[in-house]
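Trainee: Build me a model from this:
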Amino acid sequence: MINDIKLMERSKRMTLFTLYVYTIIRGVGRASYMFLYPLFLISLGYSTNDLGFITMLASALIIPILPITGFLVDHGWSSEMLFLSGICMSLSLILPTLFYDFPFLILSYALSLLSLYLWSSSRNKIVGVIIPSAMLGRIYSFFAILFNSFRTVTPFILGRLTEVVGYGYLMFWIGVFSLIGSIIVYMCLLFNENKSARAPLNKLNVIDSYKAMFSFDRSVFPIILFAVIDRFAWRLWFPLLNAYFKEYRELADPIIGDFNTIIGLSMLITSYLAGTITDMIKPVKSLIIYELVGATGVFLINLPQPYIHLSAIFIGFSTAIWVSAYNALITIMYGVEKVGRLRVLTDSARNISSIPAPQIGGYLMTINPLITFILSAFFMLFAIVPLKKISMKTST
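Mentor: Got it, this is the predicted structure:
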């Protein structure tokens, strides 16, 4: 892969390198938010069930925004969407430290979700233009390696720092550094981008963006169905996990940090393997493996300490497979020309279906947390069914 990258023209190499740097920034920022935000809420007197409610409302807020972002990505504004992703990530960390009111806590989580969706579609568009399809699995896995190198270290460090420095202080300054890094990365991307490929903003409108998002034929339906079921399964518990550990398992911050670190370490170790598997057996078969490994990890969450960390290993490996397989499938299925719209279509479907999931998961935890995890594992296994139909169309 390194030799292939060396043969690329200089501007493409610089673009790829810039994306790698930005992935590192996102690794720190995203890991910090996912670790600190739930614990910050608990420290303010909120519960895991409250976090589920916040997540539900935040997911609903960003739905109307996604179509126009995908449309802009496909019409030459991917660098700007990437930059906006960094702004959203930074603000999601900074806002709740300045304003404790409930609406700002919801807005913070909404910005965090929007950052994630903007990053995926814009990054995939840029990569799809400069990277041959035969290398996509390995390239996406290398992004995962970089991301998880810093995601691995970040929770481990933060788990110790929270005992010395408050949650809010850490969130604020990590947000500031993320903002500075995002600005620098965007300036670098502008030097290497083909600006002539951009469509004038006055020719773009919201109605066209919604029409474009739904311009796919029926063959895309199995992908959407898989994305919907899978997303619902994971959102039942994943956004609540650190709060669950704190409230229900009464684990100390360092132990929670270690769990998150092991997830990142597992992803780091297995990412290149996951990408290679995706390139060898194709994305759909890789996604089936992803669901099986993920369901195993969910069943292991309820093990006692320290065996609970076995769950983190399986969750990390499962996520590594998803990163390479899902991104490769979305990029290849309809070509790079429609990757932004297809990603937004599937992400919108995933987001809409998962709106009630955290609230449902949080409520079921008040009855018995085991119910939440069993239900999640069931949906993960059920998500394999529509994958069978996708394999008929992507087996070549």
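
Trainee: going forward, measure contacts between C-alpha atoms and count neighbours the same way
Mentor: OK.

Trainee: how far is stretch 35-48 from where the chain is centred?
Mentor: 21 Å (C-alpha atoms, centre = their mean, to the nearest Å).

Trainee: residues of it that come out buried?
Mentor: Within stretch 35-48, the residues scored as buried using 16 or more other C-alpha atoms under 10 Å are 35-42, 47-48.

Trainee: Just the helices from the stretch 51-200 of the chain, written as ranges.
Mentor: 66-74, 78-98, 102-130, 136-161, 167-192 (DSSP state H, counting those that start in this stretch).

Trainee: any idea which of those scores lowest on pLDDT?
Mentor: The minimum mean pLDDT among these belongs to helix 66-74 (a mean of 73).

Trainee: Could you check the angle that one makes with helix 102-130?
Mentor: 30 degrees (axes from the mean of the first three to the mean of the last three C-alpha atoms, to 10 degrees).

Trainee: Run through the chain and note the low-pLDDT ranges.
Mentor: 1-11, 132-134, 136-137, 191-217, 334-344, 391-396 (pLDDT under 70).

Trainee: Nearest to the spatial middle of it, which residue is it?
Mentor: L116 (5.2 Å; C-alpha atoms, centre = their mean).

Trainee: Leaving out sequence neighbours, find the closest residue to that one.
Mentor: Leaving aside its chain neighbours, L116 sits nearest to S85 (7.0 Å; criterion: C-alpha to C-alpha, 6 or more residues apart in numbering).

Trainee: quick one: that neighbour and L114 touch, right?
Mentor: Yes - between S85 and L114 there is a contact at 7.1 Å, judged by C-alpha atoms under 8 Å.

Trainee: Ramachandran coordinates for S47?
Mentor: Torsion angles at S47 (phi, psi; degrees, to the nearest 10) stand at phi -110, psi 170.

Trainee: ok, it touching E247?
Mentor: Yes - using C-alpha under 8 Å, S47 is in contact with E247, at 7.5 Å.

Trainee: got the contact list for the nearest residue to L190 once chain neighbours are set aside?
Mentor: Using C-alpha to C-alpha, 6+ apart and skipping residues adjacent in sequence, the residue nearest L190 is S79, 7.5 Å away. Taking C-alpha atoms under 8 Å, 6 or more residues apart in numbering, we find S79 in contact with 122, 186, 189-190.

Trainee: remind me, longest helix of the chain?
Mentor: Across the chain, the longest stretch assigned as helix under DSSP state H is helix 10-43.

Trainee: mind checking how far the residue nearest to the centre of the chain is from L82?
Mentor: 10 Å (C-alpha to C-alpha, to the nearest Å).

Trainee: Check F53 too.
Mentor: Taking C-alpha to C-alpha, one finds F53 at 28 Å from L82.

Trainee: Name the residue in the two with the higher neighbour count.
Mentor: Just comparing F53 and L82: by other C-alpha atoms under 10 Å the higher neighbour count belongs to L82, 27 against 21.

Trainee: Pretty sure the more buried one sits against W119.
Mentor: Yes - contact criterion C-alpha under 8 Å: L82 and W119 qualify, at 5.5 Å.

Trainee: Check the burial of P358 by counting its neighbours.
Mentor: 31.

Trainee: Also I360?
Mentor: Residues near I360, counting by other C-alpha under 10 Å: 19.

Trainee: which residues are contacting whichever helix or strand it is part of?
Mentor: Element membership of I360 [criterion: DSSP states H and E] is helix 357-367. In this structure, residues lying in contact with helix 357-367 by C-alpha under 8 Å, 6+ apart are 48-53, 55-56, 232-233, 235-237, 239-240, 371-372.

Trainee: please redo it, this time with the cut-off set to 10 Å
Mentor: Outside helix 357-367, the residues within contact range by C-alpha atoms under 10 Å, 6 or more residues apart in numbering are 47-57, 59, 231-241, 244, 248, 351, 354, 368-373, 375-376.

Trainee: Only the buried subset of those, as a ChimeraX command please.
Mentor: The following ChimeraX line selects those of the contacts of helix 357-367 that are buried, judged by 16+ other C-alpha under 10 Å:
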select :47,48,49,50,51,52,53,54,55,56,57,59,231,232,233,234,235,236,237,238,239,240,241,244,351,354,369,372,373,375,376
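
Trainee: Tell me which entries of the contacts of helix 357-367 lie within helices.
Mentor: Judged by DSSP H, the contacts of helix 357-367 include 48-57, 59, 231-235, 241, 244, 351, 354, 369-373, 375-376 as members of helices.
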